[in-house]
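Undergrad: quick check, what structure comes out for this input:
(one chain, ligands or ions: 1)
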Amino acid sequence: MRFLSCLFLFSFANATFAAEPTVYRAGVAVVKITPREPIWMAGYASRNKPADGPIHDLYAKALCLDDDKKMLVLLTSDLIGFPRELAEAVTSEVKMQTGLTRDRLMLTASHTHSGPVLRDNLADMYDLSPTEAKKVRDYNARLKDQLVDVIVRSIENRVPAVLSYGEGDAGFAINRRQATGKGVQIGLNPDGPVDHRVPVLKVESADRNKLFAVAFGYACHNTTLDLYQWSGDYAGFAQAELEKAHPGTVAMFWTGCGADANPTPRRLLAHAVKHGQSLATSVNAVLKTPMTPLTGNLHSQYETIRLDFAAMPTRDQLNADTKSTSFAHRTRAKRLLNDWEKNGSIADHYPHYPVQVWRVGTDLVWVALGGEVVVDYALRVRHELKGQGHLWVAGYANDVMAYIPSARVLHEGGYEADSSMIYYGMPSRWALTTEDRIIEATKRLAKVAK
Ligand SMILES: [Zn+2]
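TA: Coordinates of the predicted model:
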């Protein structure tokens, strides 16, 4: 009898233990990255002068998660998107200082169009004078050091923590690919696909008395505003609202697959504030409901794959483009002709497309894709990885080299399939194999990341 009750007690204890969240260690750190001087703003070709001050400050924020075997760091930022060169500079410096390998760092951006120009991102969009170009180079050099520092500090700040997740929704994103008599153009397409989910990760002290951080996402361009003042757009207002509601908490925003979604309505400051509030309201509602505790180990995989271009331009086409009235066409053509001269050819593929998969415990799979990723990828990844846990899909992660249209969007054409490639300095549209290649890599990494 005594043996039986002992057995019973033992099983009961085990069952109780299994239901408890795992105690991880987590650390957060924040750095202000608002440019100190007026420099050029990112995202719109039409701007013709540098910024003239802030609406609010821009930040980079790092969250370190550690299960005692593996450490992961999520970096979020009020920036347009990491070019590969900056991401590589940051990750190799972090590796040198801390030993953290590339798979363990997820570099994300809000894609705010009210932040600074980053070198080598949208390379052929901005017509900068040598003075403005130097200001951008100087800012980027300082930014790299600030990003390394904030990541390292998040690692140093680790304390015992429990994690939980949930999902809300917000309705202000609208599909922007409008069919017109002249093909698909940027407009409003209320019937087009969108992803209105708001994934939320809650990071609390082990005794649950203190909310350290809340990381949340939304799949929509941060293009409410097109002014000349710095801001994180709706994502900046959402983070500020959450940090005001929870003093001492760091609110972190990452962008989902919202390359073909715009906020609606837009252009007024009041619109950005309102969208930020509705996102913060959704996150707060999730935080108030019982969230699912995360248990189990952390896993990470990172790979770069080759993406092919569809059809390469001829020399004659490029020579004609050097006489174009469009700055972006001229600059791209001159650069590609220069490459041709130097190397005897121009590359017919992009060699470094990044795919990253994290498992945060047994129940949450976090996929991070490079480039400006359209919504079809989030929908397909959820379908392909069904049954593997809750799936979060971030876009604009690790390297934003171009738009990443799906096969459907490539067939339909429009800005995301064609003309955006010019601003990104790419020689042509992507091949139709692009979507399947990215999905294959995602599935492969999800299998290994266990
Ligand atoms: Zn964009």
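
Undergrad: CA atoms only for stretch 297-310, dumped as PDB, please.
TA: Output of stretch 297-310 as PDB, limited to C-alpha atoms (Å, rounded to 0.1, in the frame of the first residue of the first chain):
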ATOM      1  CA  ASN A 297      14.200  23.200 -25.600                       C
ATOM      2  CA  LEU A 298      15.200  25.800 -28.200                       C
ATOM      3  CA  HIS A 299      16.300  24.800 -31.700                       C
ATOM      4  CA  SER A 300      17.600  26.800 -34.600                       C
ATOM      5  CA  GLN A 301      18.600  26.300 -38.200                       C
ATOM      6  CA  TYR A 302      19.800  28.800 -40.800                       C
ATOM      7  CA  GLU A 303      20.600  28.300 -44.400                       C
ATOM      8  CA  THR A 304      21.200  30.400 -47.500                       C
ATOM      9  CA  ILE A 305      19.900  29.100 -50.800                       C
ATOM     10  CA  ARG A 306      20.200  30.100 -54.500                       C
ATOM     11  CA  LEU A 307      17.400  31.900 -56.200                       C
ATOM     12  CA  ASP A 308      17.500  32.200 -59.900                       C
ATOM     13  CA  PHE A 309      16.500  35.200 -62.000                       C
ATOM     14  CA  ALA A 310      14.000  34.600 -64.800                       C
END
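
Undergrad: centre of the chain to that stretch, how far?
TA: Relative to its chain's centre, stretch 297-310 lies at 15 Å (Cα atoms, centre = their mean, to the nearest Å).

Undergrad: stretch 349-361 now?
TA: Using Cα atoms, centre = their mean, the distance from the centre of stretch 349-361 to the centre of the chain it belongs to is 12 Å.

Undergrad: and that stretch, what's buried?
TA: Judged by neighbour count (16 or more other Cβ atoms under 10 Å), stretch 349-361 contains these buried residues: 350, 352, 353, 354, 355, 356, 357, 358, 359, 360, 361. For every residue, glycine as well, the C-beta is placed using N, CA and C.

Undergrad: tabulate those (JSON lines), appending pLDDT, secondary structure and distance to residue 302.
TA: Formatted as JSON lines, these follow (pLDDT from 0 to 100; DSSP: H, G, I helix; E, B strand; the rest coil; distance: Cβ to Cβ, whole Å):
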{"residue": "350", "pLDDT": "97", "secondary structure": "strand", "distance to residue 302": "17"}
{"residue": "352", "pLDDT": "97", "secondary structure": "strand", "distance to residue 302": "11"}
{"residue": "353", "pLDDT": "98", "secondary structure": "strand", "distance to residue 302": "12"}
{"residue": "354", "pLDDT": "98", "secondary structure": "strand", "distance to residue 302": "7"}
{"residue": "355", "pLDDT": "98", "secondary structure": "strand", "distance to residue 302": "7"}
{"residue": "356", "pLDDT": "98", "secondary structure": "strand", "distance to residue 302": "5"}
{"residue": "357", "pLDDT": "98", "secondary structure": "strand", "distance to residue 302": "8"}
{"residue": "358", "pLDDT": "98", "secondary structure": "strand", "distance to residue 302": "9"}
{"residue": "359", "pLDDT": "97", "secondary structure": "strand", "distance to residue 302": "13"}
{"residue": "360", "pLDDT": "97", "secondary structure": "strand", "distance to residue 302": "15"}
{"residue": "361", "pLDDT": "95", "secondary structure": "coil", "distance to residue 302": "19"}
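
Undergrad: could you pull out the strands for the stretch 1-150 of the chain?
TA: Per DSSP state E, counting those that start in this stretch, the stretch 1-150 of the chain has strands spanning 24-32, 59-66, 71-77, 105-107. These are given in chain order.

Undergrad: with the stretch 251-400 of the chain instead?
TA: Remark: strands assigned in the stretch 251-400 of the chain by DSSP E, counting those that start in this stretch are 261-263, 292-293, 298-308, 349-360, 364-369, 372-373, 390-394.

Undergrad: columns distance to residue 34 on top of those, output as a markdown table?
TA: Written out in a markdown table, the entries for the strands of the stretch 251-400 of the chain read as follows (distance: least, Cβ to Cβ, whole Å):
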| stretch | distance to residue 34 |
| --- | --- |
| strand 261-263 | 22 |
| strand 292-293 | 36 |
| strand 298-308 | 30 |
| strand 349-360 | 27 |
| strand 364-369 | 25 |
| strand 372-373 | 24 |
| strand 390-394 | 24 |
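
Undergrad: residue 184: which of the ones you listed is closest?
TA: Distance to residue 184, taken as Cβ to Cβ, is lowest for strand 261-263 among those, at 13.8 Å.

Undergrad: average pLDDT across the closest one?
TA: Along strand 261-263, the predicted confidence averages to a pLDDT of 98.
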